[in-house]
Structure formats: C-alpha cells, structure tokens
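Student: generate coordinates for the sequence data below:
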Amino acid sequence: MTAPRRWWRSTIRVRLTLLYAGAFFLAGALLVALMYLYLGQVLHHQPGQAGTIHHLSPDVQGALSVQLQRDRADTLDTMLVASLIMLGVVGVIAGGFGWLLAGRALYPLQRITATARRVADRSLHERIALDGPNDEIKDLADTFDAMLERLDRSFDSQRRFVANASHELRTPLTINRTLIEVALDNQQANESLRQLGATLLAVNQRHERLIDGLLTLASSEQRITEPTPVDLADIARHITRESQSAAQNAGVDIRTKLQPAPVIGDPVLLERLTQNLVDNAVRYNLPKEGWIKVTTDVVDDHVHLTVENTGPPVPPYEVPSLFEPFRRLPTTERLADSANTSISRGAGLGLSIVRSVARAHGGDLHASPREDGGLTVRVRIPAASERSIRNSA
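Tutor: Numbers count the residues shown, from 1 in each chain. Prediction:
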C-alpha cells in the first residue's frame with residue numbers, strides 16, 4: 001500500500017528560500033527594534049524643551065508636558081507600525097528574490113538529476129559535462145561523469161562477454177548434438193549404442209537449455225538497449241497457440257482473456273518471459289483436468305500479465321524461493337509428457353528469468369498460491385503511452 005502523496009514537497013529550494021526570508025525578517029526586526037529605542041531616546045532628550053516649559057505657568061507646563069509625551073508616543077507608534085508594514089512588504093519581495101536565487105544556484109543540481117534520470121531510462125553514453133567555476137557542484141558533476149564512464153565500460157564488457165559466451169558455449173554443444181545424431185542414424189549401430197546415444201543426446205539438450213537460460217538471465221539483467229513498442233497481448237496469444245499441443249498432451253486446458261497491453265521493451269525477452277510462465281504452469285499442474293488461465297489488461301497505467309494454473313498445493317512460505325536460480329519446490333513434480341523440450345524438466349531458471357525480465361522493463365512480479373492448489377503469477381510493467389510510442393518509432 002503506497003503512502004498518500006502530500007500536496008507539497010520540502011525541496012532544497014523551498015528550504016533555502018525560507019532560510020533567506022527568515023534571516024531577512026530576523027535582521028529587519030532587530031533593526032526596527034534598535035531604531036525604535038534610538039528614536040525614543042532622541043525624542044526624550046530633544047533640546048529646548050526644558051527652557052520653553054520653564055517660563056510657562058505650572059498649569060500650562062503640565063498640559064504641555066502631557067501633550068509632548070503623547071506626541072512622542074504617537075511618533076514612536078507610527079514609526080513602529082510603518083516599519084513593520086514596510087518590513088513585511090520588503091520581506092515578501094526578498095522571499096521572491098530568494099526563490100529565484102535559490103533556483104539559479106540549484107540549477108546545476110537539477111541538470112545532474114535530469115541527466116541521471118535519462119541515463120537510467122536510456123543508456124550510459126550521456127554525460128553531464130557541466131561548465132562553470134570549479135566549486136563543489138562541478139566536482140560532483142565530474143565525479144558523476146567518471147562513474148558513468150566506468151559503468152559504461154563495465155556494461156559494454158559484460159555485453160561482449162555474453163555475446164562471446166553465447167557463441168563459444170553453444171558451438172561445441174551443437175557439434176556434439178550433430179555427432180550424436182549422425183551416430184544414431186548409422187545403420188550398423190547396435191541397440192546399446194543407440195541407448196547410449198539417446199542418453200547423451202538428452203544430456204546435451206539439457207546442457208543447451210541450461211546455457212540458454214543462463215545467457216538469457218544475464219541478458220535480462222542488463223538494460224534494454226533498443227526498446228520497441230510491442231503489445232504483450234499479441235505475445236501471449238502467440239505463446240498460448242504454440243503451447244496448445246504440449247498442453248493437450250499433458251491434459252491441460254489453456255484459457256485466455258487477452259486485452260490490449262502496449263508496452264515499450266524487448267520483444268524477445270518479453271516472449272521468453274511469457275513462454276516461461278506458460279511452460280511453468282503446464283509443467284506443475286494436475287495429472288488430469290488441469291487448466292491454465294492467461295490474461296492481459298491495463299490497470300493504473302501498468303500492463304498486467306497474469307498466469308493462473310491449477311496444481312499441487314504450494315506453501316506460502318515457499319513462494320519467494322521459486323524465483324531464485326536453480327530452486328524448485330521440494331514436493332513431487334508433475335512433468336508434462338511432451339516431446340517439446342521447453343516443457344520437459346527445466347533447469348530451474350524459468351521464474352528467475354521472468355523476474356529479471358520484468359525488472360529490466362521497470363516492472364515487478366508477484367506470486368501467490370491458490371486455495372485449491374496451483375499458483376497465480378502476475379507481472380506488472382509500465383504501460384506505453386502514445387508519446388513514448390511516437391518517440392520509439
């Protein structure tokens with residue numbers, strides 16, 4: 001549950017403006033107080049008053065003294081009221097100037113913040129390159145640029161490593177698979193050799209799936225380099241159609257309720273996310289009369305992809321461990337009997353990849369056990385606006 005948003009935010013600019021205004025009012029109030037005391041002393045010791053009053057009659061002297069005291073008090077009161085009014089007016093003007101000056105002084109920080117947001121959303125190639133005096137803010141900007149440079153080199157090295165590892169690891173496995181298939185096609189191969197070849201072929205296929213899952217996991221944990229507009233409902237529709245055969249062989253019925261769900265992201269990774277969710281729902285289902293429900297919709301500017309399936313009961317405390325690599329439930333697995341390798345025993349990376357892909361797209365993942373057994377997994381990704389779709393086109 002999110003906290004209610006306040007109608008104002010205590011920014012540094014607001015605090016600096018309040019400090020400027022507070023300091024001005026304090027200095028002005030002190031100046032008014034000193035002027036009030038000084039003027040009171042001056043009026044009390046005005047020259048010529050004593051000699052003038054001395055030559056008058058006692059009654060006139062008393063009346064004149066009262067009048068002088070009253071005039072002195074009125075003068076002080078008038079001066080005090082006028083000074084306070086002028087202090088208030090000038091204080092408001094000073095607060096406005098303080099707001100403008102604070103904005104001017106904080107502009108470099110706003111530029112740093114804007115650059116950091118663009119870098120987080122797009123790429124690490126952009127730099128702040130702040131011009132100006134060599135003060136603390138420029139030191140901060142230069143340090144941030146140096147950090148971006150190191151991060152950019154690090155991510156580039158990681159991308160190159162993933163690309164090279166993808167080629168170097170898949171090539172020998174592909175050669176092994178080809179050699180095993182050639183050996184199995186040999187008419188002179190006996191039964192024991194064929195059984196050994198089938199076993200080696202299954203092991204090789206499992207290693208291929210493991211390597212493919214690790215590489216996908218590594219790729220999904222990086223930023224999306226070339227995001228494109230894509231409808232998650234179209235991806236879900238394609239995946240469910242492709243999985244119908246495997247689901248029928250496993251005795252699982254696939255149900256869909258797909259509404260438009262536009263997002264900005266990597267279509268390949270989003271397809272892998274959906275495929276893993278559907279495969280996982282087929283793999284861990286009931287032996288008979290099981291079903292899967294796949295839905296897509298848009299709620300509060302976020303696209304929701306929900307995959308719900310029947311299956312064995314899942315303890316709530318076991319749900320967080322399902323998203324860790326190489327982690328499975330300790331309960332007995334129900335594996336789909338299908339020739340489709342994507343539905344056979346997995347490498348334990350399916351939901352880990354789903355979580356990484358969702359995070360790479362700025363989304364999150366939530367799973368909860370169903371009361372009758374099975375699991376409900378919901379992926380939430382920010383929906384694509386018309387402006388973002390135009391910018392990506």
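
Student: excluding chain neighbours, what is closest to residue 165?
Tutor: residue 215 (6.7 Å; C-beta to C-beta, 6 or more residues apart in numbering). Every residue, glycine included, has its C-beta placed from N, CA and C.

Student: wouldn't the one you found be in contact with residue 162 here?
Tutor: Yes - between residue 215 and residue 162 there is a contact at 6.1 Å, judged by C-beta atoms under 8 Å.

Student: for the host helix or strand of residue 160, packing partners?
Tutor: Per DSSP states H and E, residue 160 falls inside helix 136-185. Counting contacts by 3 or more C-beta pairs under 8 Å, 6 or more residues apart in numbering; DSSP states H and E, helix 136-185 packs against helix 58-121, helix 191-220.

Student: and residue 323, how far from residue 196?
Tutor: In this view, residue 323 and residue 196 are 37 Å apart by C-beta to C-beta, to the nearest Å.

Student: for the stretch 251-393 of the chain, which segments count as strands?
Tutor: Secondary structure of the stretch 251-393 of the chain (DSSP state E, counting those that start in this stretch): strands at 252-258, 262-265, 290-299, 302-309, 364-369, 375-382.

Student: got the CA positions of the shortest one in CSV?
Tutor: Taking C-alpha atoms only, strand 262-265 is exported to CSV below (Å, rounded to 0.1, in the frame of the first residue of the first chain):
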residue,chain,number,x,y,z
PRO,A,262,1.0,-2.0,-25.0
VAL,A,263,4.5,-1.7,-23.6
ILE,A,264,7.9,-0.5,-24.6
GLY,A,265,10.6,-3.1,-24.3
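
Student: returning to that earlier point: could I get the strands of the stretch 251-393 of the chain as a markdown table with mean neighbour count?
Tutor: Putting the strands of the stretch 251-393 of the chain into a markdown table (neighbours: other C-beta atoms under 10 Å) gives the following:
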| stretch | mean neighbour count |
| --- | --- |
| strand 252-258 | 17 |
| strand 262-265 | 23 |
| strand 290-299 | 19 |
| strand 302-309 | 22 |
| strand 364-369 | 16 |
| strand 375-382 | 21 |
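
Student: residue 183 is nearest to which of those?
Tutor: Nearest to residue 183, of all the strands of the stretch 251-393 of the chain, is strand 252-258, at 35.3 Å by C-beta to C-beta.

Student: residue 316 against residue 369, yeah?
Tutor: Yes - here residue 316 reaches residue 369: they are 5.7 Å apart, a contact under C-beta under 8 Å.

Student: my guess is residue 270 contacts residue 230, does it?
Tutor: Yes - contact between residue 270 and residue 230 holds when scored by C-beta under 8 Å: they sit 6.3 Å apart.

Student: more neighbours, those two?
Tutor: residue 270 (25 against 20; other C-beta atoms under 10 Å).

Student: quick check: closest non-adjacent residue to the more buried one.
Tutor: Using C-beta to C-beta, 6+ apart, the closest residue to residue 270 is residue 235 (5.6 Å).

Student: list the contacts of that neighbour.
Tutor: Going by C-beta atoms under 8 Å, 6 or more residues apart in numbering, residue 235 touches 267, 270-271, 274.

Student: same check, this time on residue 308
Tutor: Here residue 308 is in contact with 281, 292-293, 295, 370, 374-377 (criterion: C-beta under 8 Å, 6+ apart).

Student: which one of those residues is nearest residue 180?
Tutor: When these are compared against residue 180 (criterion: C-beta to C-beta), the nearest one is residue 281, at 31.4 Å.

Student: number of nearby residues for the closest one?
Tutor: By other C-beta under 10 Å, neighbour count at residue 281 equals 27.

Student: what sits closest to it if chain neighbours are left out?
Tutor: Nearest non-adjacent residue to residue 281 (C-beta to C-beta, 6+ apart): residue 309, at 3.7 Å.

Student: that neighbour against residue 372, yeah?
Tutor: No - look at residue 309 against residue 372 with C-beta under 8 Å: they stay out of range, at 10.9 Å.

Student: that older thread, and the helices and strands packed on helix 136-185, which one averages the lowest pLDDT?
Tutor: Note on those: lowest mean pLDDT is at helix 191-220, with a mean of 76.

Student: now stretch 70-82 - C-alpha only, PDB.
Tutor: Output of stretch 70-82 as PDB, limited to C-alpha atoms (Å, rounded to 0.1, in the frame of the first residue of the first chain):
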ATOM      1  CA  ARG A  70       1.500  61.900  23.900                       C
ATOM      2  CA  ASP A  71       3.200  63.200  20.700                       C
ATOM      3  CA  ARG A  72       6.300  61.300  21.500                       C
ATOM      4  CA  ALA A  73       4.300  58.000  21.900                       C
ATOM      5  CA  ASP A  74       2.300  58.700  18.800                       C
ATOM      6  CA  THR A  75       5.500  59.300  16.800                       C
ATOM      7  CA  LEU A  76       7.100  56.000  18.100                       C
ATOM      8  CA  ASP A  77       3.900  54.000  17.400                       C
ATOM      9  CA  THR A  78       3.600  55.500  13.900                       C
ATOM     10  CA  MET A  79       7.300  54.700  13.200                       C
ATOM     11  CA  LEU A  80       6.900  51.200  14.600                       C
ATOM     12  CA  VAL A  81       3.700  50.400  12.500                       C
ATOM     13  CA  ALA A  82       5.200  51.900   9.400                       C
END
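
Student: which residues does it contact?
Tutor: 32, 35-36, 39-40, 43-44.

Student: one more pass at 7 Å, please.
Tutor: 32, 36, 39-40, 43 (C-beta atoms under 7 Å, 6 or more residues apart in numbering).

Student: where does confidence bottom out across those residues?
Tutor: residue 43 (73).

Student: that one: neighbouring residues, count only.
Tutor: 17.

Student: and it, what element?
Tutor: Per DSSP H and E: helix 12-44 holds residue 43.

Student: distance from the chain centre to that helix, please.
Tutor: Relative to its parent chain, helix 12-44 has a centroid offset of 46 Å by C-alpha atoms, centre = their mean, to the nearest Å.
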